[in-house]
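Student: need coordinates for the below:
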Amino acid sequence: MDKACKIVLFLCLVVSFLASSSSAQTCRNQTFSNNNQYANCSDLPVLNCSLHWTYDEAAGTVDMAFRHTNTTTSRWSAWAINPSAPRMLGSQALVAYVNSSGVAHAFTSSIDSMTPSMQQSNLSFGVPNISATFENNEMTIFAVLSISSNLSSTNQVWQEGPVSNDRLGIHPTTGANVQSVGSVNFK
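Tutor: As a prediction, this is how the structure comes out:
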């Protein structure tokens, strides 16, 4: 390969890299239609999700947004914390889907079995405010969590699955859907 071809190939690779990295959506350059801003964010490693939050240690609250991109109105989205282990069972979840009226609906659900009902229920901590938006194939759950200091660093899980006629179906149990666990430190 002559020198000119190597230079052209190198330049094509550089331009390709720059174009792909500049178009990548990261939590740092995401904005919200309600103009909320958060002090911290984390791009979650699977399922096209990110978590945004501001922790008020004195008040014991986390003002947060969970965003699931590249989704549809036929999918539900959820984010949860689990103080006992990085797994679904025992999770305290925030769930959202677009209901049959076309409105994004958010609610809390305690995951107490391996075949949860995904019905609205209270969590082990307060959630004085929860809402959701669905815009541009992105589901965003907004919430305020009232947590104790021992939950300021905890396990998190996130998930997505099918919804039909306001019924939330079982999520896949392979691939990214079983890799959607981690930890979060709100401080």
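Student: what bridges to Val98?
Tutor: Ala104 (DSSP bridges).
Student: to clarify, my last question referred to Ser110.
Tutor: Here Ser110, judged by DSSP bridges, has bridge partners Gln92.
Student: how close does it sit to Asn70?
Tutor: 28 Å (C-beta to C-beta, to the nearest Å). The way it works is simple: take the backbone N, C-alpha and C, and place the C-beta from them, glycine included.
Student: same check on Asn82?
Tutor: 25 Å.
Student: just to revisit the earlier point, which of Ser110 and Asn70 has more residues huddled nearby?
Tutor: The residue with more neighbours, out of Ser110 and Asn70, is Ser110; 18 against 12, by other C-beta atoms under 10 Å.
Student: that one: what's it in contact with?
Tutor: Ser91, Gln92, Ala93, Ser121, Asn122, Leu123, Ser124 (C-beta atoms under 8 Å, 6 or more residues apart in numbering).
Student: leaving out chain neighbours, which residue sits closest to the fourth one?
Tutor: Read it as Ser121. Ser110 (4.9 Å; C-beta to C-beta, 6 or more residues apart in numbering).
Student: find me the pLDDT at the one you found, would you?
Tutor: Looking at Ser110, its pLDDT reads 89.
Student: so how far is Ser91 from it?
Tutor: 8 Å.
Student: what is the nearest residue to Asn36 once chain neighbours are set aside paired to in the beta sheet?
Tutor: Sequence neighbours aside, Ala65 is the residue nearest to Asn36 in space, at 6.4 Å (criterion: C-beta to C-beta, 6+ apart). Ala65 has the following beta-bridge partners by DSSP bridges: His52, Phe142.
Student: equivalent analysis for Gly126, please.
Tutor: Going by DSSP bridges, Gly126 forms beta bridges with Ser146.
Student: before we move on, what about the one 5 residues further on?
Tutor: Listed by DSSP bridges, the beta-bridge partners for Ser131 are Phe142.
Student: any idea which helix or strand of the chain has the worst average confidence?
Tutor: helix 3-23 (a mean of 39; mean pLDDT, DSSP states H and E).
Student: so where's this structure uncertain?
Tutor: 1-25, 113, 172, 176 (pLDDT under 70).
Student: Lys187: neighbour count?
Tutor: 8.
Student: this protein: strands as residue ranges?
Tutor: Using DSSP state E, the strands of the chain run over 40-43, 49-56, 61-68, 75-82, 92-98, 104-110, 126-135, 138-146, 153-164, 167-168, 181-185.
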